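Engineer: Any chance you could fold what I've pasted below:
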Amino acid sequence: MNTSFMALLPCVVAVPILVVLVICVILIYNRLVTMRQHVRESWAGIDVELKRRCDLIPNLVSTARGYASHEEDVFREVTEARTRALDSTESPESQVRAEQHLVTRLSGLLALAESYPDLKADHQFLALQEELVNTEDRLAAARRFYNGNVRTMNALCDTFPSNVVARMGSFKHEPFFEVEPCIRREAPQV
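Structural biologist: Next up is the predicted model:
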């Protein structure tokens, strides 16, 4: 064989391998970028539902206040927790903490209604409670969608070869969003 061809043989073999590797890295990087965008988009869905829930709280508080005016500590705690939840926008982790605090306080407000039969029978309070239940259902769906995207993103950051590209591209694990609902839909009584 020709000696010049033998000298080029390593290049002829290495160039296609290098091209395939570069294409694979580009595809993996694009997949990571797409997943990061899906995580951000699904977080926005959760954020919308959290704001929706926070918008219902002042109406619940004012309706309950009319029946249980001497329970001012409960109303103040719910209002403060709502403010903390609205102000907590730095990261999903801080949002989870603020929302869990709000859920605890809001559950206390809803439990307060059990002590006041007139409040439990108030049509406005019942309508607000039903709207809160619907919002919790929507929030649960948004949370499942977000957590599914986070699971995929985190798996990409952990599995080979995408973990190598993730480290090079500064992609990181995303936190799951896990907060208990403040109110659940009751099972029908038979």
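
Engineer: just checking, Glu174 touches Pro92?
Structural biologist: Yes: at 7.3 Å, Glu174 counts as touching Pro92 under the criterion of Cβ atoms under 8 Å. Any C-beta I mention is one placed from the backbone N, CA and C, and that applies to glycine too.

Engineer: any chance you could map the helices in this structure?
Structural biologist: 3-67, 72-87, 92-114, 117-121, 123-158, 162-168 (DSSP state H).

Engineer: Make TSV out of those and add distance to Glu180.
Structural biologist: Below are the helices of the chain laid out as TSV (distance: least, Cβ to Cβ, whole Å):
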stretch	distance to Glu180
helix 3-67	13
helix 72-87	14
helix 92-114	6
helix 117-121	22
helix 123-158	10
helix 162-168	31
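
Engineer: Nearest to Pro181, out of those helices?
Structural biologist: helix 123-158 (4.4 Å; Cβ to Cβ).

Engineer: now for that closest one, which elements pack on it?
Structural biologist: Counting contacts by 3 or more Cβ pairs under 8 Å, 6 or more residues apart in numbering; DSSP states H and E, helix 123-158 packs against helix 3-67, helix 92-114, helix 162-168.

Engineer: Could you pull out the buried residues of the last one?
Structural biologist: Translated: helix 162-168. By neighbour count with 16 or more other Cβ atoms under 10 Å, helix 162-168 contains the buried residues Ser162, Asn163, Val165, Ala166.

Engineer: Go through the residues you listed and name the one nearest Lys51.
Structural biologist: Distances from Lys51 to the buried residues of helix 162-168, taken as Cβ to Cβ, are shortest for Ala166 (31.2 Å).

Engineer: Could you give the separation of the least confident helix or strand in the chain by mean pLDDT from the chain centroid?
Structural biologist: Least confident element among the helices and strands of the chain, by mean pLDDT, DSSP states H and E: helix 117-121 (a mean of 81). Offset of helix 117-121 from its chain centre (Cα atoms, centre = their mean, to the nearest Å): 34 Å.

Engineer: which of the residues in it are buried?
Structural biologist: For helix 117-121, burial by neighbour count (16+ other Cβ under 10 Å) applies to Leu119.
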